[in-house]
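1. Sequence and predicted structure are below.
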Amino acid sequence: MPSQSRFLVIEGCNGVGKSTIVEYLCARVGASSFHYPPTFVSFRREVHLDESVAPLPRLAYYLAATLHLSDLVRAQLKQSHVICDRYLASPLSLMIGESAMEETDARRLLEPFLFYLCMPDLTLLLTAEHAVASARINKRSLESGKLTPVGRRMLESKELFYKRQDASRRWAMRLGPVVELNTTNLSPEEMHNSAWSLLAPKLNW
């Protein structure tokens, strides 16, 4: 067990390299990897949450999922470092990017709950050019045979992609310190090395 467990969040739009970096870092430092729990993800898919549910109940779902994820992270930090593949900034940035909700309204509604969240020691925000992220999304969908509704919207709308990227930055900064890595011109191995050089000094790894 580490002498002081660290909580790192990896944020960014689809196709920027989150999964690649999470997998590498978890293996390197022995961290536990967390994502939104499968039951929450299944519910989101089954009710077509991002397509058919009104903004306020949709926000309530995202908030509940994040508060639950926060509890899981808090418990695991007693045993190991934790790396989260997305946290509160991810769903909020999607809603804001789509103009499903005004950012000021989201901030007002969420403010009373922020005290409960397990706050990250650091967030790594991954960014990329839309064309490069789109190529990665297409490649992954061909390999897996799956393309999520959100992934499809990221492909279809350059404007949404960049609005979401900007909103992710703002919300990540509300939860603590943020470092950024542009992965546009990086191979997976270069992503690993660049992420490590940014994070290790700040997290004492």
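-> All right, it came through fine. Residues are numbered from 1 along each chain as shown.
2. Return the mean pLDDT over the top helix by length along the chain, rounded to an integer.
-> The longest helix of the chain (DSSP state H) is helix 55-76. The pLDDT scores in helix 55-76 average 96.
3. Which positions in it come out as buried?
-> Of all the residues in helix 55-76, those buried under the rule 16 or more other Cβ atoms under 10 Å are Arg58, Leu59, Tyr61, Tyr62, Leu63, Ala65, Thr66, Leu69, Ser70, Leu72, Val73, Gln76. To be clear about C-beta, it is placed using only N, CA and C from the backbone, and glycine gets the same treatment.
4. Would you mind identifying the next helix or strand past that helix?
-> strand 82-85 (DSSP states H and E).
5. what packs against that following strand?
-> strand 7-11, helix 18-29, strand 32-34, helix 55-76 (3 or more Cβ pairs under 8 Å, 6 or more residues apart in numbering; DSSP states H and E).
6. got the contact list for the residue nearest to the spatial centre of the chain?
-> Residue closest to the average C-alpha location in the chain (Cα atoms, centre = their mean): Arg86, at 2.2 Å. Neighbouring residues of Arg86 by Cβ atoms under 8 Å, 6 or more residues apart in numbering: Val9, Ile10, Glu11, Lys18, His35, Tyr36.
7. Go again with 7 Å.
-> The neighbourhood of Arg86, defined by Cβ atoms under 7 Å, 6 or more residues apart in numbering, consists of Glu11, His35.
8. Dihedrals phi and psi, the residue lying closest to Lys78 once chain neighbours are set aside?
-> Leaving aside its sequence neighbours, Lys78 sits nearest to Ser5 (Cβ to Cβ, 6 or more residues apart in numbering; 7.3 Å). Recorded main-chain torsions at Ser5 are phi -70, psi 140, according to degrees, to the nearest 10.
9. looking only at pLDDT, what's the mean for stretch 84-93?
-> For stretch 84-93, the per-residue pLDDT averages 96.
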